[in-house]
Structure formats: C-alpha cells, structure tokens
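*Asks:* build me a model:
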Amino acid sequence: MHTGKSETEYLCLCKQIIEQQLGWAHSSQWKQRDFLNLISLLENRTGTVLSLSTIKRIWKAGYRKIPHPATLDALARFAGYKDWMDFKDENRHNVDPYCGRKADRIKKGIAKSRKHRKRLFQIKVPRVVGFFLFLIVLPVSLFLLFKTNIFDLASSKSKFDPGSIEFFTSTPVSEGVPTTVIFHFDVSNVDADSFLVQQSWNMLKEDKIEKSDNMLTSVYFYPGVHKARIIANDKILKEIKVRINTGDWLAMAKDNFSYDMPVYFRDMDIINNGRLNVTSDHLKSGNVEINRHTMVSYYYTSDFAELDSGNFTLETRLKADSIFNYTCPLITICVLGDGEMNYVPLTIKGCVGHSEIKIGDTIKTGFNHDMSALGVDVYDWQDISIMAKNNRAYIHLNDRQVFEMPFNEDIGEISGININFTGTGSVDFVRLYDENNLLVYNASFD
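*Replies:* All right, here's what the predicted structure looks like:
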C-alpha cells in the first residue's frame with residue numbers, strides 16, 4: 001500500500017534516481033541534446049519511445065500532472081525496476097514528502113521577498129522627473145539589449161562544414177562481443193568550443209575529444225547495428241554505422257534492465273536437446289544474481305542478404321521457464337533493423353495491460369489497445385509468427401491470427417534476431433522468410 005504518498009511524490013523520487021544514475025548536470029541545466037539522449041536511452045533500455053515534448057514536460061520544474069501509465073512503467077524500468085508498481089513498493093519508505101513541493105515553496109519565498117522589496121522601494125517620484133527618466137532609460141536599455149543579443153548570437157553561432165569532417169572506423173563490421181571499435185576523425189576545420197563522440201548502444205557514454213585528437217576507442221557489449229555520432233557544440237556533425245555480428249547464437253544475462261555489461265554464454269553451452277536454452281545452473285555458474293529483475297537474452301546478428309523489414313516473416317517456437325516466481329512473466333521477440341527494432345511481447349492474460357508492441361514507426365500499448373490476444377501460457381510452448389507486408393504487420397499465435405497493425409516506415413534491412421525472457425526460457429527453432437516466402441535463415445539447434 002502507498003497510503004499518504006501521492007503519485008507526484010513517487011515521480012519526483014523516480015526522476016531523482018534517474019538523474020543520479022545518469023550522472024549528468026542537474027536537470028535544470030539540461031539542454032535539448034540531453035533530453036534527446038534520455039529519449040534514446042529510454043528506448044534502448046525499455047523499448048518505449050517518448051516524445052521530446054513529453055520528456056521535457058515531465059522534467060519541467062513544478063510539473064504536477066500524472067503521466068500515462070505506460071510512461072510511468074518505462075521510467076521505473078529505466079531506473080532498474082520491473083514496473084511502476086514495483087518501484088512504488090520498493091520505495092514506499094524512501095519518498096520525500098516535500099520532494100514535489102520544493103519549487104512551490106521557493107516560488108512562495110520569492111514572491112514574499114518581491115513584495116517586501118516593493119514596500120521598501122515604493123518611493124513617490126514626481127511625474128515630470130519620472131517622464132525624463134523614462135526618456136533616458138528606454139533608449140539606453142534598447143541599445144544594450146540589441147547589442148547583447150547581437151554578441152550572444154555571434155558567440156553562440158559555430159561554423160560547421162560537414163564536407164571537411166572525417167569520421168570513420170577501421171572496422172565498420174566486426175564479429176563477436178565484446179569488441180573494441182577504433183574511430184578515426186578530423187575536426188580541425190570545425191569552429192566549436194566542445195567535441196564529443198557518442199555511441200548509440202549506450203547514450204550515457206559520451207567521450208570528450210579535443211580539436212587536435214584524431215583517434216578514439218570504444219568497447220561495445222551488444223551485437224547489432226549501432227550508430228556513432230560526432231558532436232560539436234550540441235550539433236551532430238556526422239553519424240556512422242557500426243555493425244557487430246555474433247557469428248553463432250549468443251546468450252547473455254544481466255541482473256536488471258539498466259545493467260550495461262552482461263554475462264555471456266557461448267553457443268555450445270546453450271544448445272541442449274535441440275533447443276536454445278540457458279538454465280538456472282548457467283546463471284549460477286556465471287555468478288548472475290537470480291532475482292525478479294534477471295533477464296536472459298538470445299542474439300543472432302548477421303548479413304541476411306538485404307532482407308527488408310517491410311516485407312518478411314519470422315517464425316519461432318518458444319516458452320519461458322516456470323522456476324521463477326514472476327508476477328508478470330514476459331517474453332519479447334525482437335527483429336533488429338538498421339539501428340532500430342520491432343518487438344512483440346507475450347505475457348500471461350492478467351498482465352496484457354502492461355504490454356507494448358512496436359512495428360516500424362508505430363507503437364501500441366495495452367493502456368489504450370486491446371492486447372488480450374497476446375496473453376498466453378508463457379510456460380507452455382507457443383508458436384508465433386510475425387509478418388510484415390505492404391505496411392501492415394500480422395501476428396499469428398499457434399496458427400491463428402491474433403493481431404494486426406499498420407505502420408508507415410519500416411526499420412530498414414534486417415540485421416538480427418533478439419529474444420528476451422524474464423528469468424530463463426527455451427527456443428525450439430527460428431526461421432526467416434523474404435517477401436516471396438522463400439526461406440532465408442533456418443536455425444533448428446540440432
């Protein structure tokens with residue numbers, strides 16, 4: 001129970017935890033780039049995409065409204081919790097009752113101070129004197145304002161010439177994780193005060209570089225297609241892609257959603273009896289703490305011969321393990337694209353209200369869409385098919401169509417497959433077909 005504590009107080013605490021984890025400057029000093037980085041981080045960690053206006057509104061001083069439940073769940077998951085209810089349960093004794101009201105208290109103090117100053121300096125001035133003061137002060141004020149704006153505009157305007165910028169990596173395609181990527185660049189012709197290199201796999205990782213530098217190394221822990229950006233004065237100068245293939249199937253585990261350095265399990269260790277399966281024994285041997293935040297992920301990334309994410313079919317058979325006592329067990333099937341992903345969730349019927357599905361540029365949540373068809377016995381084998389054709393996606397479960405949704409833009413060429421389980425789970429097979437229903441990839445794990 002959360003008696004006596006409002007949602008705004010919990011939201012304030014959640015924001016404080018997120019800010020502490022980010023380690024950035026105080027949110028009052030954030031620029032648009034910081035909000036955009038947070039949006040990308042939220043999407044990468046939780047699969048939820050929030051708009052810039054939403055994230056700015058939530059972090060606005062004095063914000064009093066309660067965001068959408070799916071947004072609250074995303075913020076809680078980003079902070080390392082299962083969902084919003086789990087966050088409140090874990091922090092019912094940590095809420096500061098003044099957390100959400102400090103800004104009001106400060107405003108009240110300022111208003112009181114202004115009122116006091118007004119009384120102190122409320123001196124009667126003759127109208128003639130006031131008129132001449134006005135004639136003198138107004139032109140001077142306008143001149144100073146104009147002059148200041150001109151100089152501010154000139155100083156804030158940086159010269160960028162994208163054609164003069166070199167930014168590349170000597171290994172744009174690598175195999176295996178972790179892997180070290182070496183970036184080469186030349187920004188000597190760019191007039192700016194600060195330079196950064198940022199990797200999309202971890203938006204928190206911003207490496208400051210000097211104008212005279214020409215090389216930087218970065219360790220990547222996740223496979224797939226990533227985007228690296230070189231930034232000057234908050235402006236993205238250039239963006240390049242870094243592709244990391246797995247070679248074979250790779251399994252990894254982490255203790256919670258926000259853990260950036262997973263534990264790996266290689267292909268021969270995870271294929272048992274014709275199935276892809278990481279067991280609780282694997283987790284124990286890898287010193288992975290088994291708790292309600294434990295996640296196991298299977299990855300296969302490769303070159304699928306220009307397989308289009310707008311026209312494809314993915315088939316797989318899988319199930320979760322029932323050895324973990326999860327309130328809302330979750331399986332998420334992801335199709336990786338050109339730096340983006342599609343994802344389809346499976347959970348038990350009672351938890352479909354927390355479900356969220358993304359195909360192309362379209363997201364639907366259980367808050368305002370009927371996701372009941374995606375509620376199944378996740379501990380029993382489920383045959384699922386995800387098909388995209390002519391800007392529509394079709395989901396089949398056990399040979400029956402259960403979901404259909406349109407989308408406007410796809411996620412580019414398919415670069416891999418990623419299947420996630422809360423706890424552990426098994427995969428019996430994975431198949432990919434092209435737009436002509438020709439088999440492109442088949443993994444039976446024999």
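*Asks:* the helices in this protein, which residues?
*Replies:* Listed in chain order, the helices of the chain (DSSP state H) span residues 7-22, 32-46, 52-58, 69-78, 84-90, 102-120, 127-156, 267-270, 280-285.
*Asks:* give me the distance between the nearest residue to M295 once chain neighbours are set aside and P262.
*Replies:* Closest residue to M295 in three dimensions, ignoring its sequence neighbours and counting by C-beta to C-beta, 6 or more residues apart in numbering: K254, at 5.6 Å. Every residue, glycine included, has its C-beta placed from N, CA and C. Taking C-beta to C-beta, to the nearest Å as the measure, K254 and P262 are separated by 5 Å.
*Asks:* what of P97?
*Replies:* Separation of P97 from P262 (C-beta to C-beta): 38 Å.
*Asks:* between these two, point out the one with more neighbours.
*Replies:* Each of P97 and P262 had its neighbours counted (other C-beta atoms under 10 Å), and the higher figure belongs to P262 (21 against 10).
*Asks:* tell me the contacts of the more buried one?
*Replies:* F221, Y222, M252, A253, K254, S297 (C-beta atoms under 8 Å, 6 or more residues apart in numbering).
*Asks:* and if we set it to 10 Å?
*Replies:* Under the criterion of C-beta atoms under 10 Å, 6 or more residues apart in numbering, the contact partners of P262 comprise 177-178, 221-222, 250-255, 286, 288, 295-297.
*Asks:* got it, and K389?
*Replies:* Applying C-beta under 10 Å, 6+ apart, one finds that K389 lies in contact with G310, N311, F312, T313, E435.
*Asks:* just L283 next, same as before
*Replies:* With contacts defined as C-beta under 10 Å, 6+ apart, the neighbours of L283 are A253, D255, V263, F265, E289, I290, T294, V296, G423, T424.
*Asks:* swap in V49?
*Replies:* I39, S40, L42, E43, A74, E340, E356, K358, D361, I363.
*Asks:* cool, H282 as well?
*Replies:* Residues counted as contacts of H282 (C-beta under 10 Å, 6+ apart) are A251, A253, V263, F265, D269, I270, N272, V288, V296, T424.
*Asks:* neighbours around the nearest residue to I359 once chain neighbours are set aside, how many?
*Replies:* By the measure of C-beta to C-beta, 6+ apart, the closest residue to I359 outside its immediate chain neighbours is A393, 4.0 Å from it. By other C-beta under 10 Å, 22 other residues sit near A393.
*Asks:* distance between the ends of stretch 21-31?
*Replies:* According to C-alpha to C-alpha, to the nearest Å, stretch 21-31 extends 18 Å from its N-terminal end residue to its C-terminal end residue.
*Asks:* stretch 431-446 too?
*Replies:* Taking C-alpha to C-alpha, the first and last residues of stretch 431-446 lie 14 Å apart.
*Asks:* repeat for stretch 372-383
*Replies:* In stretch 372-383, first residue to last residue: 17 Å (C-alpha to C-alpha).
*Asks:* mean confidence score for that stretch?
*Replies:* In this model, stretch 372-383 has a mean pLDDT of 95.
*Asks:* now do that stretch: distance to the chain's middle.
*Replies:* Here stretch 372-383 is found 26 Å from its chain centre; the criterion is C-alpha atoms, centre = their mean, to the nearest Å.
*Asks:* L41 is in contact with L75, correct?
*Replies:* No - counting by C-beta atoms under 10 Å, L75 sits too far from L41 to count as a contact (11.3 Å).
*Asks:* so the two - more neighbours on which side?
*Replies:* L75 (26 against 19).
*Asks:* okay, now the unreliable bits of the stretch 101-250 of the chain?
*Replies:* Residue ranges of the stretch 101-250 of the chain with pLDDT under 70: 101-164, 200-205.
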